[in-house]
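S.K.: return atomic coordinates for the entry below.
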Amino acid sequence: MTSVRSVSIRVKGRVQGVWFRASAKAVAERLHLTGFVSNAKDGSVYIEASGSMEAIDDFITWCRRGPELARVETLEISDIEPQMISSFEIRRH
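M.R.: Numbers count the residues shown, from 1 in each chain. Next up is the predicted model:
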């Protein structure tokens, strides 16, 4: 059985207004992750994602660069309890 990992990721830099959320959703769906992505009021992007260890590692690697117009400065990654979400969604605040 594949181990499942759940993480929260805060992405800082030029990450709003550059299609980060939509791109993250597309990558997460391709990797069969569940969770959500949202813009935070401080200008960062907040993500919670669950999936196989390998898929989470691949997703984190993608988050380090983001979509073409993004300029990622830092990632804050924490392991969290799995969330009961059956898909990957964009949340708006």
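S.K.: burial count for the residue nearest to residue 13 when sequence neighbours are not counted?
M.R.: Using Cβ to Cβ, 6 or more residues apart in numbering and skipping the chain neighbours, the partner closest in space to residue 13 is residue 73 (3.6 Å). Where C-beta positions appear, they are placed from N, C-alpha and C, glycine not excepted. For residue 73, the neighbour count with other Cβ atoms under 10 Å is 11.
S.K.: ok but residue 73 is inside a strand, no?
M.R.: Yes - per DSSP: H, G, I helix; E, B strand; the rest coil, residue 73 lies within a strand segment.
S.K.: could you check how far it is from residue 92?
M.R.: 23 Å (Cβ to Cβ, to the nearest Å).
S.K.: what does residue 6 give?
M.R.: 22 Å.
S.K.: what strands flank the longest strand along the chain, and is each parallel or antiparallel?
M.R.: In the chain, assigned by DSSP state E, the strand with the most residues is strand 4-14. Next to strand 4-14 in the sheet, as set by DSSP bridges, lie strand 45-52 (antiparallel), strand 71-79 (antiparallel).
S.K.: show me the contact partners of it.
M.R.: With contact meaning Cβ atoms under 8 Å, 6 or more residues apart in numbering, strand 4-14 is reached by 20, 35, 40, 43-53, 56, 60, 63, 66, 69-83.
S.K.: report the distance from that strand to the chain centre.
M.R.: 5 Å (Cα atoms, centre = their mean, to the nearest Å).
S.K.: next, the buried residues of that strand.
M.R.: For strand 4-14, the neighbour count (16 or more other Cβ atoms under 10 Å) marks 5, 6, 7, 9, 10, 11, 13 as buried.
S.K.: so for that strand, mean pLDDT?
M.R.: For strand 4-14, the mean pLDDT works out to 97.
S.K.: so whatever helix or strand comes next after that strand versus strand 71-79, what angle?
M.R.: Following strand 4-14 in sequence order, the next helix or strand is helix 20-30 (DSSP states H and E). Per axes from the mean of the first three to the mean of the last three Cα atoms, to 10 degrees, the angle that helix 20-30 makes with strand 71-79 is 50 degrees.
S.K.: who are the packing partners of helix 20-30?
M.R.: Applying 3 or more Cβ pairs under 8 Å, 6 or more residues apart in numbering; DSSP states H and E, we find helix 20-30 packed against strand 34-39, strand 45-52, helix 53-63, strand 88-91.
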